[in-house]
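In: Provided below for reference: sequence and predicted model.
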Amino acid sequence: MGSNRVTIIYDNRIARDGLYPGWGFSALIEKDGEQLLFDTGADIIILEHNAAFLGIDLKKTDYLFLSHEHCDHVGALSSALHEGLIVVHPDSFSSGFKDRIADAKLEAVAVTDSVEFAPGFRSTGELGDEIKEQSLIIDGEAGPVLITGCAHPGIVDIARCATELAGKPLALLIGGFHLLTKSDAQVHEIAAALKQLQIKQIGPCHCTGDRAIALLADEFGPAFIPVKAGTIIEI
Ligand SMILES: [Zn+2]
Ligand SMILES: [Zn+2]
(Lines give C-alpha, C1' and ligand atoms only; values in the text may rest on other atoms or scores of the structure.)
(Ligands and ions follow the chains in the order given, each with its own letter.)
Protein backbone atom coordinates (compact mmCIF):
# COMPACT_ATOMS: atom_id res chain seq x y z
CA MET A 1 0.00 0.00 0.00
CA GLY A 2 1.69 3.20 1.17
CA SER A 3 -0.21 5.36 -1.29
CA ASN A 4 -3.32 5.52 0.88
CA ARG A 5 -3.46 9.00 2.31
CA VAL A 6 -5.42 12.08 3.31
CA THR A 7 -4.43 15.45 1.82
CA ILE A 8 -5.96 18.55 3.38
CA ILE A 9 -6.86 20.93 0.54
CA TYR A 10 -8.81 23.62 2.35
CA ASP A 11 -8.55 24.84 5.92
CA ASN A 12 -8.53 28.03 7.97
CA ARG A 13 -4.74 27.66 8.26
CA ILE A 14 -2.01 26.65 5.79
CA ALA A 15 0.97 24.33 6.24
CA ARG A 16 2.89 25.65 3.24
CA ASP A 17 3.51 29.00 1.54
CA GLY A 18 1.66 29.30 -1.75
CA LEU A 19 -1.58 27.80 -0.47
CA TYR A 20 -4.57 30.01 0.36
CA PRO A 21 -6.15 29.80 3.82
CA GLY A 22 -9.91 30.20 4.14
CA TRP A 23 -12.71 29.47 6.57
CA GLY A 24 -13.86 26.01 5.57
CA PHE A 25 -12.67 22.46 5.12
CA SER A 26 -11.95 20.05 2.27
CA ALA A 27 -9.74 16.97 2.03
CA LEU A 28 -8.89 14.36 -0.57
CA ILE A 29 -8.76 10.73 0.54
CA GLU A 30 -6.90 8.28 -1.69
CA LYS A 31 -7.43 4.64 -0.87
CA ASP A 32 -6.76 1.53 -2.96
CA GLY A 33 -7.03 3.50 -6.22
CA GLU A 34 -10.24 5.32 -5.25
CA GLN A 35 -10.35 9.09 -4.75
CA LEU A 36 -12.88 10.69 -2.44
CA LEU A 37 -13.32 14.41 -1.90
CA PHE A 38 -14.57 15.22 1.62
CA ASP A 39 -16.44 18.57 1.52
CA THR A 40 -15.48 21.40 -0.81
CA GLY A 41 -14.71 24.40 1.40
CA ALA A 42 -16.52 27.69 0.84
CA ASP A 43 -14.77 29.39 -2.04
CA ILE A 44 -14.22 28.15 -5.59
CA ILE A 45 -11.04 30.19 -6.09
CA ILE A 46 -9.41 28.81 -2.92
CA LEU A 47 -10.46 25.19 -3.61
CA GLU A 48 -9.26 25.26 -7.22
CA HIS A 49 -6.00 27.08 -6.41
CA ASN A 50 -5.05 24.79 -3.53
CA ALA A 51 -6.02 21.62 -5.41
CA ALA A 52 -3.87 22.66 -8.41
CA PHE A 53 -0.99 23.62 -6.08
CA LEU A 54 -1.15 20.17 -4.47
CA GLY A 55 -1.35 18.39 -7.85
CA ILE A 56 -4.94 17.27 -7.31
CA ASP A 57 -7.32 16.99 -10.27
CA LEU A 58 -10.82 17.66 -8.92
CA LYS A 59 -12.32 16.08 -12.06
CA LYS A 60 -10.71 12.69 -11.33
CA THR A 61 -12.53 11.94 -8.08
CA ASP A 62 -14.81 8.93 -7.71
CA TYR A 63 -16.83 10.14 -4.72
CA LEU A 64 -17.87 13.44 -3.20
CA PHE A 65 -18.75 13.03 0.49
CA LEU A 66 -20.52 16.03 2.01
CA SER A 67 -20.73 16.29 5.80
CA HIS A 68 -23.43 18.94 6.11
CA GLU A 69 -25.04 21.70 4.11
CA HIS A 70 -23.19 24.75 5.45
CA CYS A 71 -21.52 27.01 2.91
CA ASP A 72 -18.01 26.51 4.35
CA HIS A 73 -18.39 22.81 3.43
CA VAL A 74 -20.44 22.82 0.21
CA GLY A 75 -19.86 26.36 -1.12
CA ALA A 76 -17.41 25.32 -3.84
CA LEU A 77 -19.66 22.46 -5.00
CA SER A 78 -19.62 23.48 -8.66
CA SER A 79 -15.83 22.98 -8.83
CA ALA A 80 -16.18 19.43 -7.51
CA LEU A 81 -18.92 18.11 -9.79
CA HIS A 82 -18.05 16.16 -12.93
CA GLU A 83 -19.37 13.28 -15.00
CA GLY A 84 -19.33 9.90 -13.28
CA LEU A 85 -19.06 11.30 -9.74
CA ILE A 86 -21.05 9.64 -6.94
CA VAL A 87 -22.30 12.18 -4.38
CA VAL A 88 -22.78 10.93 -0.81
CA HIS A 89 -24.82 13.37 1.28
CA PRO A 90 -27.14 13.38 4.30
CA ASP A 91 -30.73 12.74 3.21
CA SER A 92 -31.78 15.90 5.08
CA PHE A 93 -30.06 18.14 2.49
CA SER A 94 -32.34 20.72 0.85
CA SER A 95 -34.42 19.94 -2.21
CA GLY A 96 -32.47 22.71 -3.99
CA PHE A 97 -29.25 20.77 -3.45
CA LYS A 98 -30.81 17.47 -4.54
CA ASP A 99 -32.16 19.12 -7.69
CA ARG A 100 -28.65 20.34 -8.56
CA ILE A 101 -27.26 16.80 -8.30
CA ALA A 102 -30.18 15.40 -10.33
CA ASP A 103 -29.80 18.14 -12.98
CA ALA A 104 -26.10 17.25 -13.28
CA LYS A 105 -27.23 13.63 -13.88
CA LEU A 106 -25.03 12.35 -11.06
CA GLU A 107 -25.60 9.31 -8.90
CA ALA A 108 -26.48 10.24 -5.32
CA VAL A 109 -26.37 8.26 -2.09
CA ALA A 110 -28.79 9.94 0.35
CA VAL A 111 -27.65 8.78 3.78
CA THR A 112 -29.82 8.31 6.84
CA ASP A 113 -28.36 5.33 8.73
CA SER A 114 -24.70 4.29 8.74
CA VAL A 115 -23.72 2.69 5.43
CA GLU A 116 -20.56 1.33 3.82
CA PHE A 117 -21.04 3.05 0.46
CA ALA A 118 -17.73 1.82 -1.01
CA PRO A 119 -15.15 -0.75 0.14
CA GLY A 120 -13.39 0.70 3.21
CA PHE A 121 -15.53 3.88 3.23
CA ARG A 122 -18.37 4.16 5.75
CA SER A 123 -20.69 7.00 6.73
CA THR A 124 -21.59 7.32 10.41
CA GLY A 125 -25.09 8.09 9.17
CA GLU A 126 -26.86 11.37 9.85
CA LEU A 127 -26.19 12.41 13.44
CA GLY A 128 -27.46 15.37 15.44
CA ASP A 129 -30.83 17.01 15.92
CA GLU A 130 -30.81 20.60 14.78
CA ILE A 131 -27.92 20.47 12.30
CA LYS A 132 -27.67 17.01 10.82
CA GLU A 133 -24.19 15.90 9.80
CA GLN A 134 -22.48 12.74 8.63
CA SER A 135 -18.83 11.89 9.28
CA LEU A 136 -16.57 9.52 7.34
CA ILE A 137 -14.90 6.35 8.62
CA ILE A 138 -12.06 4.99 6.49
CA ASP A 139 -10.59 1.55 6.94
CA GLY A 140 -6.91 2.55 7.41
CA GLU A 141 -3.78 0.40 7.69
CA ALA A 142 -3.30 1.23 11.38
CA GLY A 143 -7.02 1.17 12.18
CA PRO A 144 -10.16 3.22 11.53
CA VAL A 145 -9.73 6.86 10.51
CA LEU A 146 -12.56 9.29 11.32
CA ILE A 147 -12.98 12.58 9.47
CA THR A 148 -15.45 15.22 10.65
CA GLY A 149 -16.67 18.41 8.96
CA CYS A 150 -17.82 20.78 11.73
CA ALA A 151 -18.78 18.13 14.31
CA HIS A 152 -22.05 19.93 15.10
CA PRO A 153 -23.49 16.76 16.73
CA GLY A 154 -20.57 16.88 19.22
CA ILE A 155 -17.07 15.54 18.61
CA VAL A 156 -17.22 13.04 21.49
CA ASP A 157 -20.61 11.64 20.43
CA ILE A 158 -19.41 11.29 16.82
CA ALA A 159 -16.15 9.62 17.89
CA ARG A 160 -18.04 7.25 20.19
CA CYS A 161 -20.49 6.32 17.42
CA ALA A 162 -17.64 5.74 14.94
CA THR A 163 -15.71 3.61 17.44
CA GLU A 164 -18.80 1.43 17.95
CA LEU A 165 -19.40 1.14 14.21
CA ALA A 166 -15.75 0.23 13.56
CA GLY A 167 -15.70 -2.19 16.49
CA LYS A 168 -12.29 -0.98 17.64
CA PRO A 169 -10.50 2.21 18.77
CA LEU A 170 -9.86 4.88 16.14
CA ALA A 171 -6.30 5.17 14.83
CA LEU A 172 -6.83 8.79 13.81
CA LEU A 173 -9.45 11.53 14.19
CA ILE A 174 -9.15 14.66 12.04
CA GLY A 175 -11.39 17.56 11.05
CA GLY A 176 -13.33 20.38 12.64
CA PHE A 177 -14.13 19.69 16.32
CA HIS A 178 -16.27 22.84 16.73
CA LEU A 179 -14.89 23.98 20.10
CA LEU A 180 -14.84 27.77 19.55
CA THR A 181 -17.46 28.46 22.22
CA LYS A 182 -16.16 25.92 24.76
CA SER A 183 -14.30 27.02 27.89
CA ASP A 184 -10.82 25.70 28.63
CA ALA A 185 -12.33 23.39 31.26
CA GLN A 186 -14.80 22.00 28.72
CA VAL A 187 -11.99 21.41 26.21
CA HIS A 188 -10.09 19.44 28.88
CA GLU A 189 -13.23 17.36 29.56
CA ILE A 190 -13.57 16.65 25.84
CA ALA A 191 -9.90 15.65 25.66
CA ALA A 192 -10.42 13.23 28.56
CA ALA A 193 -13.48 11.70 26.87
CA LEU A 194 -11.57 11.26 23.60
CA LYS A 195 -8.68 9.63 25.49
CA GLN A 196 -11.15 7.26 27.12
CA LEU A 197 -12.13 6.11 23.62
CA GLN A 198 -8.44 5.19 23.15
CA ILE A 199 -8.02 7.25 20.00
CA LYS A 200 -4.38 6.90 18.93
CA GLN A 201 -3.87 10.24 17.14
CA ILE A 202 -5.88 13.44 16.71
CA GLY A 203 -5.58 16.29 14.21
CA PRO A 204 -8.14 18.99 15.06
CA CYS A 205 -8.46 21.82 12.54
CA HIS A 206 -10.98 24.22 10.92
CA CYS A 207 -13.68 25.26 13.44
CA THR A 208 -11.86 23.75 16.44
CA GLY A 209 -10.36 27.21 17.00
CA ASP A 210 -6.75 28.16 17.76
CA ARG A 211 -7.16 28.16 21.57
CA ALA A 212 -8.74 24.68 21.70
CA ILE A 213 -6.19 23.36 19.19
CA ALA A 214 -3.35 24.57 21.46
CA LEU A 215 -5.00 22.97 24.53
CA LEU A 216 -5.49 19.66 22.68
CA ALA A 217 -1.87 19.75 21.47
CA ASP A 218 -0.79 20.01 25.14
CA GLU A 219 -3.17 17.26 26.24
CA PHE A 220 -2.26 14.76 23.53
CA GLY A 221 1.47 15.48 23.19
CA PRO A 222 3.01 13.16 20.60
CA ALA A 223 -0.48 11.86 19.69
CA PHE A 224 -1.37 15.33 18.34
CA ILE A 225 -0.85 15.94 14.60
CA PRO A 226 -0.87 19.52 13.25
CA VAL A 227 -3.42 19.61 10.42
CA LYS A 228 -3.69 22.54 7.99
CA ALA A 229 -4.20 22.98 4.25
CA GLY A 230 -1.28 21.16 2.61
CA THR A 231 -0.91 18.54 5.35
CA ILE A 232 -0.60 14.98 4.00
CA ILE A 233 -1.18 11.99 6.28
CA GLU A 234 -0.57 8.35 5.32
CA ILE A 235 -3.42 6.14 6.48
ZN1 LIG B 1 -17.41 24.34 9.19
ZN1 LIG C 1 -21.14 23.83 9.98
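Out: Thanks, I have the structure now. Ligands and ions are numbered 1, 2, ... in the order given.
In: where does A166 fall, phi/psi-wise?
Out: Main-chain dihedrals, A166, degrees, to the nearest 10: phi -80, psi -20.
In: wait, doesn't it sit right on I137?
Out: Yes: under the criterion of C-beta atoms under 8 Å, A166 is in contact with I137, at a separation of 5.9 Å. The C-beta positions use only the backbone N, C-alpha and C, and glycine is treated the same way.
In: so between these two, which is more surrounded?
Out: Counted by other C-beta atoms under 10 Å, A166 and I137 do not tie: I137 has more neighbours, with 22 against 19.
In: name the helix or strand for that one, please.
Out: strand 136-140 (DSSP states H and E).
In: and the next helix or strand after that strand, what other elements does it pack with?
Out: Counting by DSSP H and E, the next helix or strand C-terminal to strand 136-140 is strand 143-148. On a contact count with 3 or more C-beta pairs under 8 Å, 6 or more residues apart in numbering; DSSP states H and E, strand 143-148 meets strand 136-140, helix 155-166, strand 172-176.
In: tabulate these (TSV), appending mean pLDDT and distance to T208.
Out: Formatted as TSV, the helices and strands packed on strand 143-148 follow (pLDDT from 0 to 100; distance: least, C-beta to C-beta, whole Å):
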stretch	mean pLDDT	distance to T208
strand 136-140	98	17
helix 155-166	98	8
strand 172-176	98	6
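In: for the residue in the chain that ligand 1 sits nearest to, give me its contacts.
Out: Proximity of the chain to ligand 1 (C-beta to the ion) peaks at C150, 3.7 Å away. Listed by C-beta atoms under 8 Å, 6 or more residues apart in numbering, the contact set of C150 reads 25, 67-68, 70, 72-73, 131, 133, 176, 178, 206-207.
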